[in-house]
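Colleague: Below is the structure, and that's it, no one-letter string:
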């Protein structure tokens with residue numbers, strides 16, 4: 001089976017030994033293997049006792065921020081559990097330490113943010129990786145340079161191809177991802193992978209709105225950004241497919257059902273109801289039905305944010321009007337076509353539907369998913385339909401909810417059955433109002449790092465020493481965001497050892 005985006009697994013003990021030797025997260029070349037067969041890791045020697053920093057040496061860090069360093073020190077003092085504090089200090093700055101590549105384009109900042117073990121920029125991951133630093137950006141010129149550079153880079157990516165999910169650092173380079181080399185789609189220079197994922201565009205809009213809300217800095221919202229935003233909006237309109245199928249097709253010759261699209265590369269049949277087609281999920285797996293409801297809910301929210309930035313930062317009434325109009329259309333279509341009846345007879349959000357009345361319920365740990373809608377601000381956190389939906393996601397009704405000796409959480413088809421994603425536990429903690437539940441989730445996360453001090457993509461439900469992706473910056477950033485959220489909402493949870 002060809003390797004693809006999320007199939008890198010690393011020996012935990014090998015990573016631990018390398019970190020102890022170099023204090024660096026420089027990863028060895030990843031080894032492609034089947035996502036369903038995690039590499040067995042030798043048992044760690046009992047409970048982790050070496051709490052030395054696993055960050056790169058200061059001179060080896062890719063990007064530094066004084067406010068981030070100050071926040072690490074501030075929050076760490078509030079965490080009574082030494083191992084949890086150590087994990088926070090390792091994870092929170094990991095994106096800055098290891099994945100940021102700064103430069104300039106036309107005299108302005110440029111920031112290329114890789115995922116970690118894959119040296120390409122995913123629109124989704126790059127946005128999510130820097131999100132936890134937004135609260136510090138207003139008073140930190142270095143962080144503002146980073147955000148200005150990334151917002152500009154994402155706009156240039158959208159202008160290369162708004163249907164692509166991942167990009168090369170060199171906009172003239174052909175993809176060097178082995179699994180994308182033979183894809184049957186319109187691959188352009190600068191594109192690393194061309195899977196149409198609605199959430200990719202939503203993440204760029206969310207980041208722009210988040211930065212504007214945090215700083216009121218107008219610098220990144222220039223003509224380049226506006227052109228990229230219009231490209232995103234135009235693509236969403238095209239993928240409503242109200243009049244035709246639009247320009248996008250994709251087929252991958254390996255024949256794996258999660259990696260290719262049926263019906264000539266257009267995907268499954270749909271009824272044109274105003275929702276936006278998404279051919280792939282945030283996991284980079286192909287959709288079963290083309291209306292991915294979490295991504296459509298995210299799109300409605302992100303478009304409203306776009307409208308605010310367009311009007312407030314640029315005075316662009318036309319862009320704001322167009323964004324709000326599409327958001328309103330999505331809101332109406334979602335209420336009519338995006339829900340299904342739960343086992344108790346009450347409505348819940350569906351995961352995917354086709355507009356003909358067909359659909360199904362499941363959840364995937366990747367964001368957006370049904371259980372992460374409130375985290376994204378796509379629905380109110382206390383909305384009854386969301387609460388019912390999230391509870392169902394964390395139950396046997398979801399075929400990708402796993403429970404074992406190492407803990408319980410949501411995974412997904414991408415890395416196989418029985419693999420829990422820490423991301424699902426982190427999002428659960430940030431949308432929970434129960435201190436007891438949050439403590440339990442923190443205990444599971446603390447026991448899942450297998451001696452590395454970092455979050456992983458997934459771990460086996462019965463043994464966290466079997467895990468995928470040792471260098472996965474998004475999960476690390478998200479863990480840091482969660483710790484700060486708990487410190488703000490329930491400081492007493494952190495004030496006692498777990």
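Modeller: That came through, no problem. All values derive from a computational prediction rather than experimental measurement. Numbers count the residues shown, from 1 in each chain.

Colleague: in what helix or strand does the residue nearest to residue 422 when sequence neighbours are not counted lie?
Modeller: Using C-beta to C-beta, 6 or more residues apart in numbering and skipping the chain neighbours, the partner closest in space to residue 422 is residue 455 (4.8 Å). No exception for glycine: its C-beta is placed from N, CA and C like everyone else's. Counting by DSSP states H and E, no helix or strand carries residue 455.

Colleague: again with residue 480
Modeller: Taking DSSP H and E as the definition, one finds residue 480 inside helix 473-489.

Colleague: Which residues belonging to that helix are considered buried?
Modeller: Neighbour-count burial for helix 473-489, counted by 16 or more other C-beta atoms under 10 Å, picks out 473-487.

Colleague: Which of those sits closest to residue 204?
Modeller: residue 474 (14.9 Å; C-beta to C-beta).

Colleague: didn't the closest one look like it was pressed against residue 125?
Modeller: Yes: the pair residue 474 and residue 125 passes the contact test of C-beta atoms under 8 Å, sitting 4.9 Å apart.

Colleague: any residues in contact with both of the two?
Modeller: Residues touching both residue 474 and residue 125 by C-beta atoms under 8 Å, 6 or more residues apart in numbering: residue 115.

Colleague: picking that back up, tell me which residues of the helix or strand just after the helix holding residue 480 are tucked away?
Modeller: Using DSSP H and E, the next helix or strand after helix 473-489 towards the C-terminus is helix 491-494. When neighbours are counted by 16+ other C-beta under 10 Å, the buried residues of helix 491-494 are found to be 493-494.

Colleague: Contacts for helix 491-494 next, please.
Modeller: Helix 491-494 is contacted from outside by 78-81, 84, 435, 438-439, 442, 483, 486-487, using C-beta under 8 Å, 6+ apart.

Colleague: Quick one: buried ones out of the residues you listed?
Modeller: Once neighbours are counted (16+ other C-beta under 10 Å), the buried part of the contacts of helix 491-494 comes down to 79, 81, 84, 438-439, 442, 483, 486-487.

Colleague: returning to that earlier point: between the buried residues of helix 473-489, which sits nearest residue 324?
Modeller: Using C-beta to C-beta, residue 481 comes nearest to residue 324 of those, at 28.5 Å.

Colleague: Let me know whether the closest one touches residue 132 as I believe.
Modeller: Yes: using C-beta under 8 Å, residue 481 is in contact with residue 132, at 3.8 Å.

Colleague: any common contacting residues for these two?
Modeller: Common neighbours of residue 481 and residue 132, counting by C-beta under 8 Å, 6+ apart, are residue 92.

Colleague: I'd like the next helix or strand past the worst-scoring helix or strand of the chain on mean pLDDT.
Modeller: Ranked by mean pLDDT, DSSP states H and E, the weakest helix or strand in the chain is helix 12-22, scoring a mean of 33. Counting by DSSP H and E, the next helix or strand C-terminal to helix 12-22 is helix 66-76.

Colleague: which strands and helices sit next to that following helix?
Modeller: Packing partners of helix 66-76 (3 or more C-beta pairs under 8 Å, 6 or more residues apart in numbering; DSSP states H and E): helix 82-91, helix 141-160, helix 473-489.

Colleague: among the ones you listed, which is nearest residue 285?
Modeller: Taking the helices and strands packed on helix 66-76 one by one with C-beta to C-beta, helix 473-489 is closest: 16.5 Å.

Colleague: For that closest one, the averaged confidence score.
Modeller: For helix 473-489, the mean pLDDT works out to 98.

Colleague: likewise stretch 261-271?
Modeller: Across stretch 261-271, pLDDT averages out at 96.

Colleague: Just the terminal-to-terminal distance for it.
Modeller: With C-alpha to C-alpha, to the nearest Å applied, stretch 261-271 spans 17 Å between its terminal residues.

Colleague: Sort out which residues of it are buried, please.
Modeller: Of the residues in stretch 261-271, 261, 265-268, 270 count as buried by neighbour count, 16+ other C-beta under 10 Å.

Colleague: Make a markdown table out of the helices and strands packed on helix 66-76 and add distance to residue 286.
Modeller: Converted to a markdown table, the helices and strands packed on helix 66-76 look like this (distance: least, C-beta to C-beta, whole Å):
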| stretch | distance to residue 286 |
| --- | --- |
| helix 82-91 | 31 |
| helix 141-160 | 22 |
| helix 473-489 | 21 |
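
Colleague: Which one, of these, ends up nearest to residue 424?
Modeller: Once the helices and strands packed on helix 66-76 are compared by C-beta to C-beta, helix 473-489 is nearest, at 10.4 Å.

Colleague: Now do that closest one and helix 82-91, the angle between them.
Modeller: Relative orientation of helix 473-489 versus helix 82-91 (axes from the mean of the first three to the mean of the last three C-alpha atoms, to 10 degrees): 130 degrees.

Colleague: what angle separates helix 473-489 from helix 66-76?
Modeller: Using the same axes, to 10 degrees, the inter-axis angle of helix 473-489 relative to helix 66-76 is 60 degrees.

Colleague: other SSEs contacting the helix holding residue 480?
Modeller: So helix 473-489, by 3+ C-beta pairs under 8 Å, 6+ apart, packs with helix 66-76, helix 82-91, helix 94-98, helix 123-130, helix 422-430, helix 435-446, helix 491-494.

Colleague: Wasn't residue 254 part of a helix?
Modeller: No: counting by DSSP: H, G, I helix; E, B strand; the rest coil, residue 254 is not part of a helix but coil.

Colleague: Look up phi and psi at it.
Modeller: Residue 254 adopts backbone torsions of phi -70, psi -20, taken as degrees, to the nearest 10.

Colleague: cool, residue 282 as well?
Modeller: phi -60, psi -20.

Colleague: Could you list which residues are in contact with it?
Modeller: Each residue near residue 282 by C-beta under 8 Å, 6+ apart is listed here: 124, 197, 199, 295, 364, 366-369.

Colleague: make it 10 Å
Modeller: Shown in contact with residue 282 (C-beta atoms under 10 Å, 6 or more residues apart in numbering): 122, 124-125, 128, 165, 197-200, 202-203, 292, 294-295, 298, 364-369, 372, 412, 414.
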